[in-house]
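Enquirer: Task: produce atomic coordinates for the following.
(chains A and B)
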Amino acid sequence: MSLNTVWVIAEPANGAISSTSLELLSHAKKLGATVSAITWGANGASLAAQAGEYGATTLYDAGDLGGALAGAPVASAIAALVASAGKPDAILIPSSPDGRDIAGRLSVKLDTGVLTNVTGLTAEGVAEHQIFGGTQVASSAFTAGGPGLFVIRAKSFVAEAAGGAAASVQAIAAGDLGATNGAKVIAVHVEERQGPKLADASVVVSGGRGLGEASAYSLVEEIATLLKGASGASRAIVDAGWVPYAKQVGQTGQTVKPDVYVACGISGATQHMVGMKGSKTIVAVNKDPDAPIFQIADLGIVGDVHKVLPALIEKLKSR
Amino acid sequence: MNIVVCVKQIPDPAAPQSLDPSTYNLDRSGKLILDEADTYGVEMALQLRDKAGAGEVTVVSMGSAADLSGIRNALAMGADKAVVVSDDALRGTDALGTAKVLAAAIKPLGADLVLCAVESSDGYTGTVPVQLAELLGLPAVTFAKAVTVENGTVSVNRQTEAGYDEVTSPLPAVVTVTAGVVEPRYASFKGIMAAKSKPVDQKSIADLGLASVAGNANAGQKITALVAAETRQAGEKHVDDGDGADKIVAFLESIKVL
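Expert: Sure thing, here's the model as predicted:
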């Protein structure tokens, strides 16, 4: 299946297209496909210039969803578009909460499978997935008629503006949604953070269960600040309620690829590794000499984070 | 309130995992356990049932019936009964096929709420719950980190990349829960004994009339190749002797972060 016609979910985020969606648009363009973007929201049409810049010729706009979660109405609008405009070869979807909701609904509406956790995609429609914590790479492809639904992880591709003209905007509309559209957002909470965004930072300092207690996470934050980086976390301490989910790195959290990743008290569960093994360099501090994180660390310090981290803070401060 | 919790028995994630080289199906020949990710949904369901003061918690699963210890574990925690769809023909069924099977098994139960994990810990596909919601014609609220039910409405704090959203939905609905939404209880001895006599309704795909969705042949996609990933080389490992911080500073200098 050659990917000649590709639709990309252009998820709105803070008045622009999300960074993962821009990566998908760029990649679709690079594959040589005719690219259309699909967006929604009160100001969807205002994204036409950015969609065009990253390679889309058409921007389909599902409009204001009236506070509803995106999954049901956007999937319905896309299914209606497939019925009227014909099937694209592929629909590329960011692996975000809303993106995944759209993918699941659309899969049923079009009665086609979904490939998720995709980290690579060829012009022939062959997808790549990192499995078993990134130790093996599986290739996969659709066997039925399509369109192929590919749910793609952040940072799999590089976003590059191609300098195209603004995309032409076409409104699309959901069909009768019945009960499926019942979920409404009544309030939005943005968790405060200081310094660079986790996904964009060139230095990421993360903490895990080995910190022992929630208060010790402040050591991680202090080192991150001193290195002008962002602080992250393993799933274990997010689940334990020490830090918010927005800091989670890994399979179920964010994917980061900083110049250096400093793992403090993180053993290196496969769930975590898949989100950070693309870092340029890795430093790990852990008291267990057999922790799996040491197998991928450029520098491994076998030691107590409660001794090593305060000493590191002193040294960084005195510079 | 009647609550369905979708659960899955998976190979122990702590043990080495592999794909069958001929079918690329996950090797499930070893001991299966209740996916830890599902224990949060079970606990959430038990708390909501007990708060409502009436109703039942039914665990629904698709998979091998040769070993039901994971299902018994959910019953031992306090779930009232189980429905297990098990059929040799189901081996290799994809996510959409799985959702169709679960939807057919859940429909007759008249659930007010269907709880699932965000994703399983073996396949990580993470699409079955929303597919299930679409097949059942229900709203879905995914990535819940807090769930309450009042007057026929479910209120959820839904994780987002920036923080969280407060979302409400009328029941019935499908909700996917993250790890950490509640602290799962351990089964008590009394619970383990009681679980032995709780009903486990086993169904085949013929019972559900779904032969056409099952197995590798009906999956809409397939794995075509499998290779070892490029491995990172482990670098220097140094046992801290009071000089660990110096080593880190020197390393950061060498890569020009400092």
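Enquirer: which residues in the stretch 201-319 of chain A form helices?
Expert: With DSSP state H, counting those that start in this stretch as the criterion, the stretch 201-319 of chain A has helices at A:217-226, A:235-239, A:270-276, A:305-317.
Enquirer: could you check whether the longest one is close to chain B?
Expert: Looking back up the chat, that one is helix A:305-317. Yes - counting by C-beta under 8 Å from any C-beta of the partner chain, chain B is contacted by helix A:305-317 at A:307-308, A:311-312, A:314-316. All C-beta spots, glycine's among them, are computed from the backbone N, C-alpha and C.
Enquirer: By neighbour count, which of those residues wins?
Expert: Within these, most neighbours by other C-beta atoms under 10 Å in any protein chain shown means A:Leu312, with 29 neighbours.
Enquirer: Using CSV, please lay out the helices of the stretch 201-319 of chain A together with mean pLDDT.
Expert: Shown next, in CSV, are the helices of the stretch 201-319 of chain A (pLDDT from 0 to 100):
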stretch, mean pLDDT
helix A:217-226, 96
helix A:235-239, 91
helix A:270-276, 89
helix A:305-317, 97
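Enquirer: Identify the residues contacting the residue in the stretch 1-150 of chain B positioned nearest to chain A.
Expert: Of the stretch 1-150 of chain B, the residue with the smallest distance to chain A, taken as C-beta to the nearest C-beta, is B:Val130 at 2.8 Å. If a contact means C-beta atoms under 8 Å, 6 or more residues apart in numbering or on different chains, then B:Val130 has A:71, A:100-101, A:103-105, B:140, B:142, B:174, B:176 as its contacts.
Enquirer: Columns secondary structure and distance to B:Gly78 on top of these, output as TSV?
Expert: Converted to TSV, those look like this (DSSP: H, G, I helix; E, B strand; the rest coil; distance: C-beta to C-beta, whole Å):
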residue	secondary structure	distance to B:Gly78
A:Gly71	helix	31
A:Arg100	helix	30
A:Asp101	helix	30
A:Ala103	helix	33
A:Gly104	helix	29
A:Arg105	helix	32
B:Ala140	strand	25
B:Thr142	strand	25
B:Val174	strand	21
B:Thr176	strand	21
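Enquirer: what two of those are the furthest from one another?
Expert: Using C-beta to C-beta, these span at most 15.0 Å, a distance reached by A:Ala103 and B:Val174.
Enquirer: and the residue of the stretch 1-150 of chain B closest to chain A, which of the three is it?
Expert: Look at B:Val130: counting by DSSP: H, G, I helix; E, B strand; the rest coil, its state is helix.
Enquirer: Could you pull up the residues touching the closest residue to it other than its chain neighbours?
Expert: Excluding the flanking residues, the one nearest B:Val130 by C-beta to C-beta, 6 or more residues apart in numbering or on different chains is A:Gly104, at 2.8 Å. Residues in contact with A:Gly104 (C-beta under 8 Å, 6+ apart) are A:71, A:114, B:127-131, B:133-134, B:140.
Enquirer: can you put these in a markdown table and add pLDDT and distance to B:Ala66?
Expert: Listed next are these as a markdown table, based on pLDDT from 0 to 100; distance: C-beta to C-beta, whole Å:
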| residue | pLDDT | distance to B:Ala66 |
| --- | --- | --- |
| A:Gly71 | 98 | 36 |
| A:Val114 | 95 | 29 |
| B:Thr127 | 95 | 26 |
| B:Val128 | 97 | 22 |
| B:Pro129 | 98 | 26 |
| B:Val130 | 98 | 30 |
| B:Gln131 | 98 | 26 |
| B:Ala133 | 98 | 30 |
| B:Glu134 | 98 | 31 |
| B:Ala140 | 98 | 32 |
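Enquirer: mind listing what residue 1 touches?
Expert: Just so you know, I chose chain A. By C-beta under 8 Å, 6+ apart, the contact list for A:Met1 reads A:89-90, A:124-125, A:141-142, A:146, A:148.
Enquirer: meant chain B actually
Expert: Going by C-beta under 8 Å, 6+ apart, the list of residues near B:Met1 reads B:48-49, B:52, B:54-55, B:112-113, B:149.
Enquirer: Pretty sure it sits in a strand.
Expert: No - assessed by three-state DSSP, B:Met1 does not belong to a strand; its assignment is coil.
Enquirer: Report pLDDT for it.
Expert: With respect to pLDDT, B:Met1 scores 94.
Enquirer: Spell out whether the helix or strand hosting A:Ala28 and chain B are in contact.
Expert: Take DSSP states H and E as the rule and A:Ala28 turns out to sit in helix A:19-30. No - counting by C-beta under 8 Å from any C-beta, chain B is not contacted by helix A:19-30; separation bottoms out at 9.2 Å.
Enquirer: got the contact list for whatever helix or strand comes next after that helix?
Expert: From helix A:19-30 onward toward the C-terminus, using DSSP H and E, the following helix or strand is strand A:34-39. For strand A:34-39, contacts defined as C-beta under 8 Å, 6+ apart pick out A:4-12, A:17, A:21, A:25, A:28-29, A:47, A:51, A:55-62, A:74, A:77-78, A:81, A:88, A:167, A:172.
Enquirer: give me that answer again for 7 Å
Expert: Residues external to strand A:34-39 that are found in contact with it (C-beta atoms under 7 Å, 6 or more residues apart in numbering or on different chains): A:4-10, A:12, A:25, A:28-29, A:47, A:51, A:55-61, A:78, A:167.
Enquirer: Partner strands of that strand and their direction?
Expert: The pairing partners recorded for strand A:34-39 under DSSP bridges are strand A:5-9 (parallel), strand A:56-61 (parallel).
Enquirer: hmm, the helix or strand following the shortest one touching chain B?
Expert: Counting by DSSP H and E, the element after strand A:5-9 in chain order, helix or strand, is strand A:12-13. No - when contact is scored as C-beta under 7 Å from any C-beta of the partner chain, no part of strand A:12-13 falls within range of chain B; the minimum is 7.9 Å.
Enquirer: Name the residue in A:Ala103 and B:Val174 with the higher neighbour count.
Expert: More crowded of A:Ala103 and B:Val174, by other C-beta under 10 Å: B:Val174, with 30 against 26.
Enquirer: Helices of chain B, start to end?
Expert: Along chain B, counting by DSSP state H, helices occupy B:36-52, B:69-77, B:95-106, B:128-136, B:189-195, B:205-208, B:244-254.
Enquirer: ranking those by mean pLDDT, which is last?
Expert: helix B:205-208 (a mean of 92).
Enquirer: Please compute how far that helix lies from its chain's middle.
Expert: Remark: helix B:205-208 is offset 23 Å from the chain centroid, using C-alpha atoms, centre = their mean, to the nearest Å.
Enquirer: low-confidence ranges in chain B?
Expert: Along chain B, no part satisfies pLDDT under 70.
Enquirer: For my notes, please list the contacts of A:Gly104 in TSV and give distance to B:Leu252 for each entry.
Expert: Conversion of those to TSV gives the following (distance: C-beta to C-beta, whole Å):
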residue	distance to B:Leu252
A:Gly71	43
A:Val114	41
B:Thr127	41
B:Val128	44
B:Pro129	43
B:Val130	43
B:Gln131	46
B:Ala133	48
B:Glu134	49
B:Ala140	45
